[in-house]
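1. Pasted the sequence and its predicted model underneath.
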Amino acid sequence: VKVESASINPSDNFFIVGKYGNIKKFKELPVGVGFSGSGTVVHVGPGVTESLIGKRVALNHMPSNPGYVGTFRQYTYMDAKHAYPFPDELGFDEIALALGANPITIAGFMDVAERDGHTSFINDAAASSLGKMFVKYCLKQKLPLINIVRRQEQVDMLKEIGAELILNSSDKNFIEDLKEMIKKYKPTAYFDALSGDFPGKVLHLMPEGSTMYVYGALSNQQNVSADIGGLIFKNHSVKNFWIPTWLKEVKKEVIKKWMTAIVTDLITGGEIFGSKVIKSFPLSQWDEAMKYSVAHGSEGKVVIRPQE
């Protein structure tokens, strides 16, 4: 695949410092970087239909995939099942972001929530690009979503896109306000991107039978806490969520349903799954691009354009 756009996600930044996935599986360095992107198919191997040649594709190239080499490169290769054809009317940035961490993570969140019987949610790190996409999805579906952020400007940012259930963890009344929201909306699924001690305090307040799905460690703490009393007496549980694991276990028809929903949304304006590209960098400036994405992650997405 000739790579035209590669989106940068928080997981990429963790990967380059050895804190994402099983980095020890790679026996030799260097190791490629980049989990998602888009481009044009220029060659196919045995058993793959030649009709893919010339097609625009979204790339899901995770380190757990056999033969992983990354997407931060001018040309890449992978199993054909990890390259998803997209319509020509969508630009390469749009396609790269369509199968990037955010839309496919929302798909995974809602699939596991449906299977586990959850219809009301809490999300922390809610001012992130993923968090804002989650807000838009839940508003569209009329699903209660309590959003937790750290700063007032993030509260204002979420209000601008229509969010109503927003809590600032820096406020002195945060815990009391959280208790009131939990009492009213009864969320039983909590999607945690932070790790550390904070998530356990939130889970402790949630109804019986609630589940915390841990999918990140933005706090840079490598452990996550949970109240033993809640785990034993309130039937609380803690589960992991990782896109590669979900993709392996989910049914093909579920993936097809979500891919159709994502493409349809993007073609009609990207009300839910559209992401704003705030800056692009050539491949030669990939390290600057990574730093910029960390500093400006709540503003939108940063992409690398390998052909520039």
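-> That came through, no problem. Numbering: from 1, shown residues only.

2. those helices in this protein, which residues are they?
-> Counting by DSSP state H, one finds helices in the chain at the ranges 10-16, 92-98, 101-116, 129-141, 152-160, 174-185, 198-205, 228-233, 243-249, 252-267, 286-295.

3. what's the closest of the ones you listed to Ser219?
-> Closest to Ser219 of the helices of the chain, according to CB to CB: helix 198-205, at 7.1 Å. The way it works is simple: take the backbone N, C-alpha and C, and place the C-beta from them, glycine included.

4. who wins for proximity to Met212 among the helices of the chain?
-> helix 198-205 (4.7 Å).

5. Check what contacts that closest one and list those residues.
-> Helix 198-205 has contacts (CB atoms under 8 Å, 6 or more residues apart in numbering) with 122, 124, 148, 169, 175, 178-179, 182, 190, 192, 210, 212, 214, 219, 224-227, 230, 236, 238.

6. just stretch 185-193 next, same as before
-> For stretch 185-193, contacts defined as CB under 8 Å, 6+ apart pick out 109, 113, 116-125, 128, 130, 134, 144, 146, 165, 199, 202-203, 206-207, 209-218, 224, 241.

7. From the contacts of helix 198-205, which land in strands?
-> 122, 148, 190, 192, 212, 214, 238 (DSSP state E).

8. which of these sit farthest apart?
-> For the ones in strands among the contacts of helix 198-205, and using CB to CB, no pair is farther apart than Ile148 and Val238, which are 17.2 Å apart.

9. more crowded one of these two?
-> Counted by other CB atoms under 10 Å, Ile148 and Val238 do not tie: Ile148 has more neighbours, with 26 against 18.

10. follow-up on the earlier one: and the buried ones among the contacts of helix 198-205, selectable in PyMOL?
-> The following PyMOL line selects those of the contacts of helix 198-205 that are buried, judged by 16 or more other CB atoms under 10 Å:
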select buried, resi 122+124+148+169+178+182+190+192+210+212+214+219+224+225+226+230+236+238
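
11. related to what we said a few turns ago, among the helices of the chain, which is nearest Gly70?
-> That would be helix 10-16 among the helices of the chain, by CB to CB, at 9.1 Å.

12. Next, the contact list for Pro306, please.
-> Counting by CB under 8 Å, 6+ apart, Pro306 touches 3-4, 6, 72-74, 282-283.

13. switch the cut-off to 7 Å
-> Contact partners of Pro306, counting by CB atoms under 7 Å, 6 or more residues apart in numbering, are 3, 6, 73-74, 283.

14. got it, and Lys239?
-> Going by CB under 7 Å, 6+ apart, Lys239 touches 211, 213.
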